[in-house]
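Enquirer: test case, fold it:
(2 chains)
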Number of protein chains: 2
Amino acid sequence: MTTITYIGAGVMASGLTFPAFENGHTIRMVGTPLDRTIIDQLQKDNYHMRLKRVLHTGITYYQVEDLDVALEGADVVVCGVSSFGVDWFTEKVLPKIPPKVRILSVTKGLLDQPNGALLTFPAYWQQKAPDLSIYAIGGPCVTRELADHEPSCVTYCGKNKKDLVWLRSLFETSYYHISLSTDVAGVETAVALKNGYALGVALTIGLQGGKDTGNYNAQAAAFGQAVREMERLIVVAGGQLESSMVGIGDLYVTVFGGRSRKIGILLGEGYSLEQAMEKLQGETLESVVIASRVARAIKTLHKEAEFPLLIHMDGVINEGKPATMPWKEFETTF
Amino acid sequence: MTTITYIGAGVMASGLTFPAFENGHTIRMVGTPLDRTIIDQLQKDNYHMRLKRVLHTGITYYQVEDLDVALEGADVVVCGVSSFGVDWFTEKVLPKIPPKVRILSVTKGLLDQPNGALLTFPAYWQQKAPDLSIYAIGGPCVTRELADHEPSCVTYCGKNKKDLVWLRSLFETSYYHISLSTDVAGVETAVALKNGYALGVALTIGLQGGKDTGNYNAQAAAFGQAVREMERLIVVAGGQLESSMVGIGDLYVTVFGGRSRKIGILLGEGYSLEQAMEKLQGETLESVVIASRVARAIKTLHKEAEFPLLIHMDGVINEGKPATMPWKEFETTF
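Expert: Residues are numbered from 1 along each chain as shown, chains lettered A, B, ... in the order given. Below is the predicted model of the structure:
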């Protein structure tokens, strides 16, 4: 039996307790400083107020003050903070994890560097803590569906294949299927980008009035352009083209099931970012952050011409440009 | 002014008259032997009974007996037959086209050879008529939307870049955007495959009861697997990975807007192919043909393990296997 300590009591981490608990492992969950009420509620009756599901009885919940207790003797630490909690995780949790523990992250995002390079979170943490073994999860998996035992196929990535196989053995179930990849840069870049590009695909729905008109050519054209640009960015990030597939599945699910859809549609309908954010208050908008960061990196690298969709999204988000799609710029010769 | 003769009065060819006519070209349309009533109606009042749209006044329509007249002096021949009309086009039309005429095909499909090779229609025609210049159209474009001037982004492919640029100049409009590619094998393989793989994605909807449940993990997993297999098949066909993007956009639009969706859902709900075909009578089911053909080629090449989704679809279609998705087989290490 393995002890798995989850850091962060958000939706992503909580969903991932289902397969691990059902496989017979000891599950501990520590809230971040922002998760206080979620942990309070979970300690009372296992009900997760944001996931809107009851977690398995037998999981132990900790407030952030008990972090040390929750980490004691853990074999695996799941990093389940949102991208906005990465600094906190880096400063407060990472230094407490011994090298023999395997870290598995569900946090999605990229950090843009002054030279235009895009850094994945595993690479960032590896810089801070070179002795740690850090793995990450990518691929299409809406957490609510995972909790409901709907079929999902994801990819675990990291440097060491033996570790990957072991991590898979802990989490895999009849409904949660895990591919493995050593291409961390490719998988994590693909997966982070989908949040930004889902905005672009959803924008076309907004441009058509925000409702399902039964017209899909524009959405498909934006989806194809998103795939093209994601593949280009994976190459820029030093990843393998094959990993784009993980991000493409993820893009599909995000366009339909994700929060990025809502803001993309509102922007397409002509609302400014401020207005759209006001309408969606309470939602964390990682898609806006990732689109802005990647656009900044692309501009630093002077590669704007290769990424017309992302640069357009950045203009709509950050410069108040009209949402109308620059279709002509998507034309290419190959 | 350029004279463009369309062969076939089906939905695809008819939609493509809109951009070309609006660009001021002379448009002639010849029905196949199966298009007799469509041509009769078009000659009366320009109404296309299957597209359910009025075509532009000024197009000249011909029954098949007047093929020679319609081809006389044409600069471009658009091949708009369905994949079931390819033999007829090859035998009756191709020999009448002089080498200086450029052929542009919207017909999608692949022919499997005894050795397991998959042949695109342009490559097939080129074998039959080496002197002809043959180009083809791929990419997400539901014809009804093209007729309605919704934004669409497609790709024209063929050997000669100068010809491609010229063909684009004839058809491109403010709503119809054209990328160019010399990777005929890649683009045409990608585009043909999407019909087969759309079946597989739609199958997951059927497995969930055939209605929109708001769950997308399974669809996204099947979509990702479809992308992975399409990319593998493009490599097998000798195409470039970059061309997969054309097929991915096309897969997206087909999953939502296409006929393949309907049959895939019915198969997922547990109907046999026969029962599903009966329910969808009158629909041409190119997706079933392409899935069966490609599966046959894969078996000849002994590559079943690399294409579990397609082999599964073939089993459901041709061997009456249960529709339940083989998720475990989609797991891979890369």
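Enquirer: so which residue is smack in the middle of chain A?
Expert: Centroid check for chain A by Cα atoms, centre = their mean gives A:K108 as the closest residue, at 3.0 Å.
Enquirer: avg pLDDT for the longest helix belonging to chain A?
Expert: Counting by DSSP state H, the longest helix found in chain A is helix A:184-207. In this model, helix A:184-207 has an average pLDDT of 93.
Enquirer: quick one, strands of chain A?
Expert: Secondary structure of chain A (DSSP state E): strands at A:3-7, A:26-30, A:47-48, A:53-54, A:60-62, A:76-79, A:102-105, A:110-112, A:118-120, A:133-138, A:152-157, A:176-181.
Enquirer: who in the stretch 51-200 of chain A is up against chain B?
Expert: Residues of the stretch 51-200 of chain A lying close to chain B (Cβ under 8 Å from any Cβ of the partner chain) are A:139-142, A:145-146, A:148, A:150-153, A:161, A:164, A:177-183. From N, CA and C alone the C-beta is placed, and that goes for glycine too.
Enquirer: can you select the buried ones from the residues you listed in PyMOL?
Expert: Selecting the buried subset of those in PyMOL, with 16 or more other Cβ atoms under 10 Å in any protein chain shown as the burial test, is done by:
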select buried, chain A and resi 139+140+141+142+145+146+150+151+152+153+164+177+178+179+180+181+183
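Enquirer: residue contacts, the residue nearest to A:P140 when sequence neighbours are not counted?
Expert: Nearest residue to A:P140 in three dimensions, chain neighbours excluded: B:A220, at 3.4 Å (Cβ to Cβ, 6 or more residues apart in numbering or on different chains). By Cβ atoms under 8 Å, 6 or more residues apart in numbering or on different chains, B:A220 lies in contact with A:140, A:249-250, A:252-253, A:256.
Enquirer: at 10 Å what do you get?
Expert: Contacts for B:A220 were tallied using Cβ atoms under 10 Å, 6 or more residues apart in numbering or on different chains; they are A:139-142, A:145, A:152-153, A:248-257, B:201, B:204.
Enquirer: ok, A:M230 next?
Expert: Residues near A:M230 by Cβ under 10 Å, 6+ apart: A:189-194, A:196-197, A:243-244, A:247-248, A:250-251, A:307, A:309-310, B:245.
Enquirer: can you rerun that using 7 Å?
Expert: A:190, A:193, A:197, A:244, A:247 (Cβ atoms under 7 Å, 6 or more residues apart in numbering or on different chains).
Enquirer: what about the third one, how many residues nearby?
Expert: Residues near A:Y197, counting by other Cβ atoms under 10 Å in any protein chain shown, number 32.
Enquirer: quick one: it and A:D148, what's the gap?
Expert: In this view, A:Y197 and A:D148 are 26 Å apart by Cβ to Cβ, to the nearest Å.
Enquirer: and the fourth one, by the same measure?
Expert: Between A:S244 and A:D148 the distance, using Cβ to Cβ, works out to 28 Å.
Enquirer: and what of the second one?
Expert: Remark: distance between A:L193 and A:D148 (Cβ to Cβ) = 27 Å.
Enquirer: show me the contacts for the one residue in the stretch 1-150 of chain A that gets nearest to chain B.
Expert: Closest to chain B within the stretch 1-150 of chain A is A:P140: 3.4 Å, counting by Cβ to the nearest Cβ. With contact taken as Cβ under 7 Å, 6+ apart, A:P140 is in contact with A:249-250, A:252-253, B:217, B:220-221, B:224.
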